[in-house]
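>>> fold the following for me, if possible:
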Amino acid sequence: MPTFDNPTTDASEAEQALRGLAHATRRIEDPSQIYGVLGSLSRATASLSQTLHQLGSYHDNHGARADATIVDPKQTGAAYRVSWDLHRAGEMLTSIQKSIDSAHQSEATIVYPSPVTASRPSSRSHDGLSL
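Numbering: from 1, shown residues only. Coordinates of the predicted model:
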């Protein structure tokens, strides 16, 4: 369950949820679920992109703070590199989201046959008890 205020916990739960999804999609038994999965993945990708941009913005605004401890003096530009990489990844995810959205729209045009249900005998005769 998302906390909405603890990024470490929420990131860990998102990781586990995505691992579960990767496992669950190894075999698709009901293809009619694909449309909903793609919609959820599109929204999740948008949220991940937003998260990366927000983390990058933190480094933009606070990266050169006087109270930040730099472990390796050769890495004084680390915050700027982190910011650059995070914003770049966020933009890549925006592009990925557009591809997922396109697949989602195309998926909406596919009609899958209903799953086969066990057929019941039409006659009333049977060997067992009936309620």
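
>>> and the helices in the protein?
Using DSSP state H, the helices assigned to the chain run over residues 7-24, 34-62, 78-107.

>>> if I follow the layout properly, residue 39 ends up in contact with residue 108?
No - between residue 39 and residue 108 there is no contact under Cβ atoms under 8 Å: 9.5 Å. Using the backbone N, CA and C atoms, a C-beta is placed for each residue, glycine as well.

>>> between these two, which one's more packed in?
Applying other Cβ atoms under 10 Å to residue 39 and residue 108 shows that residue 39 carries more neighbours, namely 15 against 11.

>>> quick check: closest non-adjacent residue to the more buried one.
Distances taken as Cβ to Cβ, 6 or more residues apart in numbering place residue 104 nearest to residue 39, at 5.6 Å, with adjacent residues excluded.

>>> now do the contacts for the one you found.
By Cβ atoms under 8 Å, 6 or more residues apart in numbering, the contact set of residue 104 is 35, 38, 39, 42.

>>> I'd guessed the second one sits against residue 102; true?
No - applying Cβ under 8 Å, one finds residue 38 not in contact with residue 102, separated by 9.8 Å.

>>> quick one: which of those two has more around it?
A count of neighbours by other Cβ under 10 Å puts residue 38 above the other of residue 38 and residue 102, at 19 against 12.

>>> and the more buried one, how far from residue 105?
Separation of residue 38 from residue 105 (Cβ to Cβ, to the nearest Å): 9 Å.

>>> common neighbours of these two, please.
Looking at what touches both residue 38 and residue 105 (by Cβ under 8 Å, 6+ apart), there is no common residue.
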